[in-house]
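[1] Got a sequence here, can you build the structure:
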Amino acid sequence: MDLIFALFVYPGLIPTLLLTVLFSVVVSQRRLVLPPDIIKAILSTDGLGAVISIILAISAMIYMPWPFNNAYSNVAGPLLMWAALEAAFLLPSLIAQTSSSPMVVRGAARSLQIGLAGRIVIWCAFGALYWANQQWSWQIVPAIVLAWVAGLLALPAAVGVGMFRNDTALTGIITTGLNISTVALMQIAADVRATALVVMITSSLIPVEIGNEVVRLIGIVIITVVSMVLMRVMIRNQPFVTLAAALRWCWWRAFPPAVFALVYLQFFAA
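    Numbers count the residues shown, from 1 in each chain. Next up, the predicted model:
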């Protein structure tokens, strides 16, 4: 019963929908548009992949350390969350790789490489936050800040927004040849996946040891909003980057703070 409530009410469906609308407006700078013909969209291969991706992303939300979340498991939760999120991101890219359009394949290949590099950094940052939450003390706050910085730097690449997006003839357009209903559904799925990845970081920033669950919930919402605003500021007016430049961004800008956070915890964690 706890799992069903978590999936369809809190922290699954309702928070995901609200935060996805926020992400769409703040970061993606677009208004979510429902598919004009949802049935036609779902019956297409790309549309069905988008629906499955949305379900997987929402499922990942219930395995995050939300307050009042009885479905969360400190041991199995992170592993299930990782599996659901990775499947949610990989499925659309793998479907696009089977397209007969060279432009779609090029865009999917670029998106897959950049997204995977960004998510590797984010998983390292999450690992540091998960470690910090197991043995909380004030002296590990620098590691938490470093992990947050790494996550913020890697998130645009991981979710494909700003200078990392694929919507030009140069980068390849992953939605080439699709009808408007399928494209709308895929855009919704992209924002849902991105929202889940942002919340994975922000929900882990506030230690579980804080006894007041209401305070933790308010803190998570505030940090999530702040993180989205900072993401928008970071990617605003930035030109498109090449694949090589995007990978350098992930490995030479975003990855070092995550490594420093893990090293710091190794020496200073209680």
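
[2] Might one say that Val33 is in contact with Met186?
    No. Counting by Cβ atoms under 8 Å, Met186 is not a contact partner of Val33; they are 11.4 Å apart. The C-beta positions use only the backbone N, C-alpha and C, and glycine is treated the same way.

[3] of these two, who's got more company?
    Legend: neighbour count by other Cβ atoms under 10 Å for Val33 and Met186, higher for Met186 (25 against 14).

[4] Nearest spatial neighbour of the more buried one, chain-adjacent residues omitted?
    With Cβ to Cβ, 6 or more residues apart in numbering as the criterion, Met186 has its nearest non-adjacent residue at 4.7 Å, and that residue is Ala50.

[5] Likewise for Leu178?
    Asp46 (6.0 Å).

[6] Is the one you found in contact with Leu94, as I believe?
    No. The pair Asp46 and Leu94 fails to qualify as a contact (Cβ under 8 Å) at a distance of 11.2 Å.

[7] More neighbours: which of those two?
    A count of neighbours by other Cβ under 10 Å puts Asp46 above the other of Asp46 and Leu94, at 22 against 13.

[8] Tell me how far the helix or strand containing that one lies from the chain's centre.
    Taking DSSP states H and E as the definition, one finds Asp46 inside helix 45-61. Distance of helix 45-61 from the chain centroid (Cα atoms, centre = their mean, to the nearest Å) equals 13 Å.

[9] cool, stretch 138-156 as well?
    In terms of Cα atoms, centre = their mean, the centre of stretch 138-156 is found 15 Å from the chain centre.

[10] And for stretch 51-65?
    11 Å.

[11] All good on my end, thank you.
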